[in-house]
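In: Following is a predicted model, sequence given first.
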Amino acid sequence: MDPSTDTMTGECDMTVMCDGRQAPAVLATEEWLAAGEVFTPGRAARELGLRGGEFDLAVQLGEVLTLPPDPEARPGPVGPWGRRRVPAEEIRRLRSEEGFPGTLRERLRTVGTAEAAELLGIGAARCLRLARSGCFAPARCYVNRYGAVVWLYLAAELTDFADREPGLLRGNIPAVLRVVLDGGQDWRGRKWRSRRVAQLMSQATDGWESAAVIAAVLPPEELASVVEDPWERSVLRRLRPSLAPPAPGPAAREAVERATMAEEFDEVLWYRVNLSRSLDRARHHQPATARLRLPACPRPPGDGP
């Protein structure tokens, strides 16, 4: 894709989160931090002075440790992935850090291509080529007004990359990277999917949730060929996590869906193999029909009672 197009310009001009805008105030008192108490994600975000998007990223990166959903709680519309809880001890730990909340926000700061290039001390075109060849992984994404997926990178990871690979910032691009670029490959989505799958797998509480994470990045036809049992597909649909925030409008949702799905043959094969292995472990622990009852789940389409 030509970096001079409007689509890429939309990407290069964007910077989100931690960019100087006023964040919610942090409470000055810690009397409410009773031992053993837990908070909803919304409450925890307020107490840490983070916006919703910042807090979600903090959880994904392991900056804020969470607990699995309460097994006695009623299931909500967002499923088990959105009902995780934050222990009061974790809030206390973060608030006691030197420089809080600025240090936490800095670890969560994400930038688009233009600011990434500035951090690396290179041109935007070279930065884009490095990103497309998989030199660093996006941490987040959104859809811009042109309907294109915009990738965002952690500023801290870019700084580490510059210290670790100074040779890639000057001179000719290495031959192995040129092969990737000349072949039209773009590793940004692939690297982001890999990162999100690893993050969600670390939060899975059983084999079926682990399988649902992998299933979330497989195209429907690939998933159907791996999982032939309609009951098992129903379990995976019900437990499927969201890799990206909801996008407004059909075009934006379609763009996010494309970013979520594995594309290249080897990537699809990798997830197919790992889904088969995860399903074997899940079936050994608990059959799909039993998992459907914990809690109640929609009946697979076309099946009788």
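Out: That came in fine, so what should we check first?

In: make it CA atoms for all contacts and neighbour counts henceforth
Out: Noted.

In: Doesn't residue 116 belong to a strand?
Out: No: in this structure, residue 116 is helix, not part of a strand, as judged by DSSP: H, G, I helix; E, B strand; the rest coil.

In: was I right about it contacting residue 157?
Out: No: assessed by CA atoms under 8 Å, residue 116 is found out of contact with residue 157, at 10.2 Å.

In: Tell me which of those two has more neighbours.
Out: Remark: of residue 116 and residue 157, residue 116 carries more neighbours, 25 against 17, as counted by other CA atoms under 10 Å.

In: how close does the more buried one sit to residue 130?
Out: Remark: distance between residue 116 and residue 130 (CA to CA, to the nearest Å) = 11 Å.

In: do residue 264 as well
Out: According to CA to CA, residue 264 stands 19 Å off from residue 130.

In: So for these two, which sits in the more crowded spot?
Out: The residue with more neighbours, out of residue 264 and residue 130, is residue 130; 21 against 11, by other CA under 10 Å.

In: Flag the shaky bits of the chain, pLDDT-wise.
Out: Scanning the chain for pLDDT under 70 picks out the ranges 1-35, 71-82, 294-305.

In: So in it, which helix runs the longest?
Out: Criterion DSSP state H: the longest helix present in the chain is helix 265-285.

In: chain center to it: distance?
Out: In terms of CA atoms, centre = their mean, to the nearest Å, the centre of helix 265-285 is found 20 Å from the chain centre.

In: What are the neighbouring residues in contact with residue 278?
Out: Contact analysis of residue 278 by CA atoms under 8 Å, 6 or more residues apart in numbering lists 207, 208, 210, 211.

In: What strand or helix carries the second one?
Out: Element membership for residue 208 (DSSP states H and E) is helix 207-215.

In: hmm, back to that, residues of the longest helix of the chain that come out buried?
Out: Under the neighbour-count criterion of 16 or more other CA atoms under 10 Å, helix 265-285 has 268, 271, 272, 275, 276, 278, 279, 281, 282 buried.

In: do stretch 234-247 as well
Out: Buried residues in stretch 234-247 (16+ other CA under 10 Å): 234, 235, 236, 237, 238, 239, 240, 241, 242, 243.

In: Does the strand or helix carrying the fifth one pack against any helices or strands, and if so which?
Out: Spelled out, it's residue 238. Assigned by DSSP H and E, residue 238 belongs to helix 230-239. Secondary-structure packing of helix 230-239 (3 or more CA pairs under 8 Å, 6 or more residues apart in numbering; DSSP states H and E): helix 207-215, helix 288-292.

In: Just the angle for it relative to helix 207-215, thanks.
Out: Compare the direction of helix 230-239 with that of helix 207-215 by axes from the mean of the first three to the mean of the last three CA atoms, to 10 degrees and you get 80 degrees.
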